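Visitor: just a sequence and a predicted model for now, questions to come.
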There are 2 protein chains.
Amino acid sequence: MKRDHGGDLDTAIQQYGGTHADWIDLSTGINRQPYPVPAITPAAWTALPAASATAKLVATARTAYRTQGAVLPLAGAQAAIQSIPLLSKPGRAKIMSPTYNEHAAALRALGWQVEDAATAQATAGADLAVIVNPNNPDGRYHDPKSLLALLPKAGRLVVDESFADPYPELSLAPEAGREGLVVLRSFGKFYGLAGMRLGFALGCDADIAALSQVAGPWPVCGPALEIGAAALADTGWARTTIARLMSEIDRMDRMAGLAGWRVAGGTCLFRLYDTPNAEAARAKLATRHIWSRIFPYSDRWVRLGMPGTEAEWARLGAALLEA
Amino acid sequence: MKRDHGGDLDTAIQQYGGTHADWIDLSTGINRQPYPVPAITPAAWTALPAASATAKLVATARTAYRTQGAVLPLAGAQAAIQSIPLLSKPGRAKIMSPTYNEHAAALRALGWQVEDAATAQATAGADLAVIVNPNNPDGRYHDPKSLLALLPKAGRLVVDESFADPYPELSLAPEAGREGLVVLRSFGKFYGLAGMRLGFALGCDADIAALSQVAGPWPVCGPALEIGAAALADTGWARTTIARLMSEIDRMDRMAGLAGWRVAGGTCLFRLYDTPNAEAARAKLATRHIWSRIFPYSDRWVRLGMPGTEAEWARLGAALLEA
């Protein structure tokens, strides 16, 4: 089954022309001012990823995410989403919805019965509860204590923190290690390096050992181990980037407001707008080679990632204001 | 469960000292004269891997492997090995043994009953038959017709061609697409870029769709898509590399012979030697910071990958001749 995703510039090009270089891809929440890729050792490419390189990344991630739990690097948070359904026999899963569609898809593909839950609290009673915090695409967020209160009410609680880097106060990572709790972190979104494929599962020893068994011995490429460790240790870059992204929310929302779009939610990595017609809104931007995200379950919502350069801001502003 | 592998230089360093740079790692069959990593586009790091980049790699792989079957790029042949057990309900698997230990481990972890088969023919009757061709570590090989004759005798036949690049005449890839046949290819070994994590599953549409479902939308990092496509299209490099590796077999075997080791098998990417004492043989090389592979099931076998530079050949020769 083919699922729709942001980042599908090939689709945009098929419909509206241009080349990859012509487009500003705002259809994802990937930071467009990426962490500068440092020099990579030749061995990162040539040798099987060394245990010591993985250990270094894990140690750095534990500090960055402020966790004492077990940490497993994987080829993106997506890889964790793919293997979570194998942690126990298929049962009944409840997912706070709407949200990132891969959770339900991966669970269903491996035999789980999946129900939407309108709120975090409504996931109670499931064999597996999934809550994305902050949520994509609407930005709904939960304080960690309220999520922790849900832990005894679910067979397993998966908290997907793919967009939590700018919001450390929301994170349940410091509680990872508790039985039944699995926290997912994405590297590529906040650090703007989604092509690198790096993410993490945080949890108790037994769950992380089981996920590691499913992932096999070398799930992450050597360059990602090195770049990830360098980036996660660079607290100055993270601080500066969070401040910049936070400061851009207002600018973005005002630009969208001038086009008649109302804020429906979001984070500092993406904004969700309520528009009169999502298809028309996307088409309007697409004719100017700016790609946005709409959703099969809403005919009004448009999600936009933050532009990168000032030139991209100018193009987005002009496109929003044009007829 | 921790499985032993080649490429575990950290273990070597713990026991025998030195740094990664001091060691010649011959404990794997990874070519030590790697394909030169070409320039990578910034988008390969920053954007989610594009469908067009994957399609380009798949088209190149189909030509390189001379197959009309469906082709799925994965994060190493290992990733395919991890997901093969999910292609059908667990049953009885037979693996031509001894061989790469991850096949049995991955199958057992997902509930399969696994038996060793002494020959390829002895895999007949299994729900899942696994044959590595040419085999690691002993280099046993099978002509494609004899393997094809086994196809109707197994529920599914997995042929792992991780070391087949120098032996295109052995490959069943041209037959991939037949129902029940899955062919695995490794990229990292012959091209010397094991850290990049790239491999392929070739098969019929239904099996490849199922493996793709398990792998999720972006299993391979962006740089690997680009580098893989460039390398697999470079038939000149492949030809030169095969000729070099083939020409080195005799040199290697003579050097080992002078140390009193007898050829027990191998390919042009690794050689297997029968020695009086595998532990002692490994220790002898390890004190000179050359790492080799021994096996839990043999107290005589030592496997050596081919040295890369002339300096590495000289060091290996000296180490083999010393007391």
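Guide: Looks like it came in fine.
Visitor: spit out the contact partners of A:Pro42.
Guide: Applying Cβ atoms under 8 Å, 6 or more residues apart in numbering or on different chains, we find A:Pro42 in contact with no residue. All C-beta atoms are positioned from the backbone trio N, CA, C, and that covers glycine.
Visitor: ditto for A:Asp253
Guide: A:263, A:271.
Visitor: how far does the helix or strand that contains A:Asp253 sit from the chain's center?
Guide: Secondary structure from DSSP states H and E places A:Asp253 in helix A:235-258. On the basis of Cα atoms, centre = their mean, to the nearest Å, helix A:235-258 sits 17 Å off its chain's mean C-alpha point.
Visitor: could you point out the helix or strand that follows it?
Guide: Remark: after helix A:235-258, the chain's next helix or strand is strand A:262-266, criterion DSSP H and E.
Visitor: so what strands line up beside that next one?
Guide: strand A:270-274 (antiparallel) (DSSP bridges).
Visitor: can I get the strand it pairs with in PDB? Just the C-alpha atoms.
Guide: Provided in PDB are the C-alpha atoms of strand A:270-274 (Å, rounded to 0.1, in the frame of the first residue of the first chain):
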ATOM      1  CA  PHE A 270       6.000  23.500  10.700                       C
ATOM      2  CA  ARG A 271       2.800  25.500  10.800                       C
ATOM      3  CA  LEU A 272      -0.700  24.200  10.100                       C
ATOM      4  CA  TYR A 273      -3.200  26.600   8.500                       C
ATOM      5  CA  ASP A 274      -6.900  26.500   8.000                       C
END
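Visitor: buried residues in it?
Guide: Judged by neighbour count (16 or more other Cβ atoms under 10 Å in any protein chain shown), strand A:270-274 contains these buried residues: A:270-274.
Visitor: quick revisit: CA atoms only: put the helix holding A:Asp253 into PDB for me.
Guide: C-alpha atoms of helix A:235-258 as PDB (Å, rounded to 0.1, in the frame of the first residue of the first chain):
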ATOM      1  CA  THR A 235      24.500  22.500  22.100                       C
ATOM      2  CA  GLY A 236      25.400  25.900  20.800                       C
ATOM      3  CA  TRP A 237      24.000  25.100  17.400                       C
ATOM      4  CA  ALA A 238      20.900  23.700  18.900                       C
ATOM      5  CA  ARG A 239      20.300  26.700  21.100                       C
ATOM      6  CA  THR A 240      20.800  29.200  18.200                       C
ATOM      7  CA  THR A 241      18.500  27.100  15.900                       C
ATOM      8  CA  ILE A 242      15.700  26.900  18.500                       C
ATOM      9  CA  ALA A 243      15.800  30.600  19.000                       C
ATOM     10  CA  ARG A 244      15.700  31.300  15.300                       C
ATOM     11  CA  LEU A 245      12.900  28.900  14.600                       C
ATOM     12  CA  MET A 246      10.800  30.300  17.600                       C
ATOM     13  CA  SER A 247      11.300  33.800  16.300                       C
ATOM     14  CA  GLU A 248      10.100  32.800  12.900                       C
ATOM     15  CA  ILE A 249       6.700  31.600  13.900                       C
ATOM     16  CA  ASP A 250       5.100  35.000  14.100                       C
ATOM     17  CA  ARG A 251       6.500  36.100  10.800                       C
ATOM     18  CA  MET A 252       5.100  32.900   9.100                       C
ATOM     19  CA  ASP A 253       1.700  33.200  10.700                       C
ATOM     20  CA  ARG A 254       1.300  36.900   9.700                       C
ATOM     21  CA  MET A 255       2.300  36.100   6.100                       C
ATOM     22  CA  ALA A 256      -0.300  33.300   6.000                       C
ATOM     23  CA  GLY A 257      -2.800  35.600   7.700                       C
ATOM     24  CA  LEU A 258      -2.400  38.200   4.900                       C
END
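Visitor: out of the buried residues of strand A:270-274, which comes closest to chain B?
Guide: Comparing the buried residues of strand A:270-274 against chain B with Cβ to the nearest Cβ picks out A:Phe270 as the nearest, at 14.0 Å.
Visitor: not counting its neighbours along the chain, what's nearest the closest one?
Guide: Computed as Cβ to Cβ, 6 or more residues apart in numbering or on different chains, the closest residue to A:Phe270 that is not its neighbour in sequence is A:Gly29, at 3.7 Å.
Visitor: backbone phi and psi for that neighbour, please?
Guide: Per-residue torsions, A:Gly29: phi -110, psi 30 (degrees, to the nearest 10).
Visitor: surely it touches A:Thr267?
Guide: Yes - using Cβ atoms under 8 Å, A:Gly29 is in contact with A:Thr267, at 7.2 Å.
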